[in-house]
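Trainee: okay, sequence plus prediction incoming.
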Amino acid sequence: MKIAVMLMGDKISPHFGGSEKVCIYTIENGAIITKEYFEMPEHRAGLFAKFIKEKGADVVIAGSMGERARYIFDTLGIKYFIGVLGNPDEAVEKLLKGELRSDETLANKIHEHEEGLHHHLHQHSHKHHHNL
């Protein structure tokens, strides 16, 4: 089994699409065998999900995830856990023990905050000067 944990720095990324890198954990007999880190490609619709699939992941862990990524993973049969933040190793250990759960409420709050932040930054990044 392979588990993809989306990262921002050394913590679980709050938003799947905003991840800087991914750590792919290879699991054998219920134990972590290897951890491989990959920089994420340029963020374009559907590209992150395809990248994760190419790395052979069976499971994805992230803070939140947009509808398109969820749909792609559902279609590919890749499970995901969202509403998960903090230390990636701890999240994987919880998953291996059967204790990891998605927190939809937290995921939605994170997603709304990220979307609001994105739109807020976007609105203020364009300055219009009018000559009178």
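Mentor: Perfect, I can see it now. Residues are numbered from 1 along each chain as shown.

Trainee: pretty sure residue 47 contacts residue 41?
Mentor: Yes: between residue 47 and residue 41 there is a contact under CB atoms under 8 Å: 5.7 Å. (Each C-beta comes from the backbone N, C-alpha and C, glycine too.)

Trainee: which one's more surrounded, the two?
Mentor: More crowded of residue 47 and residue 41, by other CB atoms under 10 Å: residue 47, with 13 against 10.

Trainee: which residues does the residue positioned nearest the centre of the chain contact?
Mentor: In the chain, the centroid-proximal residue (CA atoms, centre = their mean) is residue 16; its distance is 2.8 Å. Neighbouring residues of residue 16 by CB atoms under 8 Å, 6 or more residues apart in numbering: 6, 48, 60, 62, 63, 64, 65, 66, 69, 82.

Trainee: quick one: the strands in the protein, in order.
Mentor: Remark: strands assigned in the chain by DSSP state E are 2-8, 11-12, 21-28, 31-39, 59-61, 79-81.

Trainee: buried subset of the contacts of residue 16, written for PyMOL?
Mentor: Those of the contacts of residue 16 that count as buried under 16 or more other CB atoms under 10 Å are selected in PyMOL with:
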select buried, resi 6+48+60+62+63+64+65+66+69+82
